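# Whatever this is, show me its structure:
(chains A and B)
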Amino acid sequence: MSQWPSIKDLASDVNSGRVSASEQVEKALKTIEEKKEFNAIIATLADRARQRAKTIDDRIKAGENVGRLAGVPFIAKDNFLTFGAETTAASNILKGFEAPYQATAIERLEAEGAICVAKANLDAFAHGSSTENSDFFTTLNPHDKSKVPGGSSGGSTASVVLDMAPFALGTDTGGSIRLPASFCGAVGYKPTYGLVSRSGVVAMASSTDVIGPLTRTVADSALVLDIMAGTDELDSTSIVKDKLGYELSPTEAHLKGQKIGMISEYMSEGLEPEVKDSINMAIEALKQAGAEIVDVSLPSLPLALAVYYVICPAEVSSNLSRYDGQRYGFSQQDTTNLDDIYKQTRSIGFGNEAKRRIMIGTYVLSSGFYDAYYKKAQIVRTKLVKEFEDAFKKVDFLIGPTAPTTAFGVGENTADPLKMYLTDIMTVAVNLVGVPAISVPCPVSDNMPIGLQLIAAQHQDRKLLEIAQLAESILK
Amino acid sequence: MSQSSKTYTPTIGIECHVQLSTKTKLFAAVGNDARDARPNTLISHICLGMPGALPVLNAKAVELGARAAFALNTTPAAFSKFDRKHYFYPDLPKGYQITQFEQPIVLGGYVEIESEGVKKKIGITRAHLEEDAGKSTHPAGKDYSLVDLNRAGTPLLEIVSEPDIKSAADAKAYARELYLIVKYAGISDADLYHGNMRFDVNVSVSSDPNVLGTRTESKNLNSFKSVEKAAEYEIKRQIELLEKGEVIIQETRGWDDAKQRTFSQRGKEQAHDYRYMPEPDVPPIILSEEFINEIKSSLPVMPDEWRNRLLSLGLSRSQIDTLLEAEIDNEAVDYLPIIESNLDNPDVAKFIANYFVNIEIPMRHDGSVSDKLDNQARSTIYIAIDRLIQDNKLSSTNAKALLTQLLKDGLSPTDIEEYAAEQGYIQESDSNEIEKIVEAVIAEFPDAANDVKNGEMKAIGFLTGQVMKKSLGKANPGMAQELIRKKLA
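Numbers count the residues shown, from 1 in each chain, chains lettered A, B, ... in the order given. This next block holds a predicted model:
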């Protein structure tokens, strides 16, 4: 049992004065300290969090309603720019960087009274599926310290499962929210591309980066999303939110009459038997509850990973160009000329995975190779978009596993980058086509958690959250 | 070796970076006018390329880009988009420049120039929106460089011409016409001194009309004259090299204004692979038909159209050019609209145009016109003076004197005739009065009178002059002459 009530109840308790914001912050900081050995946290914002809590408590004493997240502590992945602590993206090159502004998502949560208490570990610059690419340390899976938590939002997810805070923020470029949610047994929500402003979040691959919550329940995710979502003048790719919002009330929706497509490509190859059984059981349970389950094939799906690992590194190589040791972050000054500052700053400051992606990205964008790689990948991407659109003409949702396996051992895949990339095989397509998806925990016996992935058409975030909540109650 | 008798044809194409007259930068809500700003004061997290900073496109820049399309005699692209151009330099904070590589906002179009009395159309390949880089300075003898990011992100429109330009004179004419076009269309302040227009001149020469020679690019020229001189220098330099049997190296060259020559910048150049890719942070620009039509109808009269209107008044080419340039010298002072408002009376319009060119514009250049007169007041003065001349009440000499005085003192009397009379500018047209003076003059100069009687007409001028003198300049000289003739017939 969690020490935190639902986010809605917690905020209402704080607003009514039954509990104080300061107590919540202390509770979070204490748990962070107690569970230190999991390496989920890079830094706490203790001073700022305590100050904010005090201000909130004073306002409540003065009779104010502080907002829908009054006094609710949360943890941000360390690629969100925040005040109160460094923002490093778990990279050496940004070590020491103090953000001069905050991410829009952080600003919106704070405006409703939420309190950021800590920054969570990640694969440096969100490049990875296990947090082992963090330049600082590897986060351990809350269920088994010999296993990885998944990545790249591994620290955020572990922090929620370790009960450090009611919710955490992650980013999902190719599965980085859903995969750790699956590995750690949390709810991880990846919204429609553009639904949450990317302003103030260290960019990985701009055309697939999204921001989303990691929570214990679907209802918590829905509430946090509702507060973060919507157009932002600082992000031209941001989109309007659903006019009904995303906060779930006891819903009228039920599974009867819902047509759910089981993605056949995800159910066949390379699926661990244990995962397959668990997903099949979950799907059977949804069927029993009235859902109509049909097989759906998306023929280009097997190409998605290849497409992703062309487009994503291309954008990564571009987005990481700004880390040149000239204005902020690490700079190797012990050099004799400009070229050397660039070379040495970047050679020392970037870890192996960042360098690998910069090199792949630089290669696929080079003149003479652009058409063969980048352009071709974009063509397949367009084809994938079309296949998903066609599928959603036939079914309301798509369903499948979030990952082909349960959490693997620390160090198990680090020697083989390709094997590591394969972890993302069931999540990347969703990012390439920009649709929303959620990972909710499946029932497991005593073993490691398994995530069920539900996918909806673009802008159908509200519908997706509603059905995910139904699935969650059925699978409990 | 025999002397070569080959003729070489130059081929010139010009790229021009025009700074758009927006209040803020292309992708950041930060002031754009870096002229008097201290270094690194016009910057935000976006200009600095901070982590997490995203570009937000300036709608005004899009509007000006679309206007440019019409100003260049074409239509803006309904769909255009941005790309990233990558290279490392300290004055390029993001490590890439956001520019329109694949699908620019303007494709095609042309600029009409007149050079050496011939009209020519210079094709426009494209014009695209892009952000400027910052400014680097390298203090002599220091072991550091300085970067000022005030200019970083300033919106530019790069206008690329077809290689249709065939001489240095044409190159200058093109640059000058482009200047008038962007200024008239309100696209740019076109302040050349502050680098609002920068020209890159691509030159090649060939003795075979069917084969293009190797080209060089002389970069960052900021005056019409340097465009002309750089083209001239390159044409000569390349022909000399070819004549010596040497080859032209394709390269970037700089312009040394003091020595009036181009010089190789090869040392600084590297073989760049810019790794262009679509800019994922900026959605494509999609212009509705409605927006495009709105832009089209908001375009003011362009220089070429003014030329046609003014030519119909019988003004000379150089008078027209003077008026076209004066018009944009000072935004508050109208010339063309005042001429235009009198076009239904071409004589008046022509009179005003002539007086602008001969009197007011030279006075403005000397700074001797009071700023107390607004356009309405000036218009009234010109029309009134023309009327007084038509009514024989003002000699052309006095008209000029009167106008000069009004402009200088900034006076706009409610009754100009009354004022002119008070000031003694009105000429005497009462024939009785003039007759008295004529008689007096004939009596005073009998020899000259005799000469006239004997048919020596030169003496009429002398006697008329004496009448004018005696009347203190107020006599109508035409009437005076006629009276002298009559008396001495």
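# What is the burial count for the residue nearest to A:L225 when sequence neighbours are not counted?
Take A:L225 and drop its neighbours on the chain: the residue closest to it by Cβ to Cβ, 6 or more residues apart in numbering or on different chains is A:Y246, 4.7 Å away. Every residue, glycine included, has its C-beta placed from N, CA and C. Per other Cβ atoms under 10 Å in any protein chain shown, the neighbour tally for A:Y246 reads 23.
# And for A:Y421?
By the measure other Cβ under 10 Å, the count of residues near A:Y421 is 18.
# Now for it: which residues touch it?
Listed by Cβ atoms under 8 Å, 6 or more residues apart in numbering or on different chains, the contact set of A:Y421 reads A:S129, A:L305, A:Y309.
# Spit out the contact partners of the first one.
Translated: A:S129. Counting by Cβ under 8 Å, 6+ apart, A:S129 touches A:D123, A:G150, A:G151, A:S152, A:G175, A:S176, A:L179, A:M420, A:Y421, A:T423, A:D424.
# Let me know whether the last one touches A:L305 as I believe.
I take that to be A:D424. Yes: using Cβ atoms under 8 Å, A:D424 is in contact with A:L305, at 6.6 Å.
# more crowded one of those two?
A:D424 (26 against 20).
# Against A:A457, how distant is that one?
22 Å (Cβ to Cβ, to the nearest Å).
# One more: A:A186?
According to Cβ to Cβ, A:A186 stands 24 Å off from A:A457.
# Of the two, give the one with the bigger neighbour count.
A:A186 (34 against 21).
# Just confirm that one contacts A:P180, I think it does.
Yes: using Cβ under 8 Å, A:A186 is in contact with A:P180, at 7.4 Å.
# Against which helices or strands is whatever helix or strand A:V275 lives in packed?
Assigned by DSSP states H and E, A:V275 belongs to helix A:273-288. Where contact means 3 or more Cβ pairs under 8 Å, 6 or more residues apart in numbering or on different chains; DSSP states H and E, helix A:273-288 is packed against strand A:259-263, strand A:292-296, strand A:397-401, helix A:461-475.
# Let me have the contacts of A:Y421 in JSON lines, extended by distance to A:Q326, pLDDT and secondary structure.
Shown next, in JSON lines, are the contacts of A:Y421 (distance: Cβ to Cβ, whole Å; pLDDT from 0 to 100; DSSP: H, G, I helix; E, B strand; the rest coil):
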{"residue": "A:S129", "distance to A:Q326": "31", "pLDDT": "96", "secondary structure": "coil"}
{"residue": "A:L305", "distance to A:Q326": "35", "pLDDT": "96", "secondary structure": "helix"}
{"residue": "A:Y309", "distance to A:Q326": "29", "pLDDT": "96", "secondary structure": "helix"}
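# on that earlier part again, what residues of the helix holding A:V275 count as buried?
Of the residues in helix A:273-288, A:V275, A:S278, A:I279, A:A282, A:I283, A:A285, A:L286 count as buried by neighbour count, 16 or more other Cβ atoms under 10 Å in any protein chain shown.
# can I see the domain layout of chain B?
According to automatic domain parsing, chain B comprises the domains B:9-286, B:321-422, B:431-488.
# for the closest residue to chain B within the stretch 1-150 of chain A, what are its contacts?
Minimum separation of the stretch 1-150 of chain A from chain B (Cβ to the nearest Cβ) falls at A:L81, amounting to 4.9 Å. Neighbour list for A:L81: A:T87, A:A99, A:Y101, A:Q102, A:A103, A:I106, A:G200, A:V201, A:V202, B:M50, B:P51, B:G52 [criterion: Cβ under 8 Å, 6+ apart].
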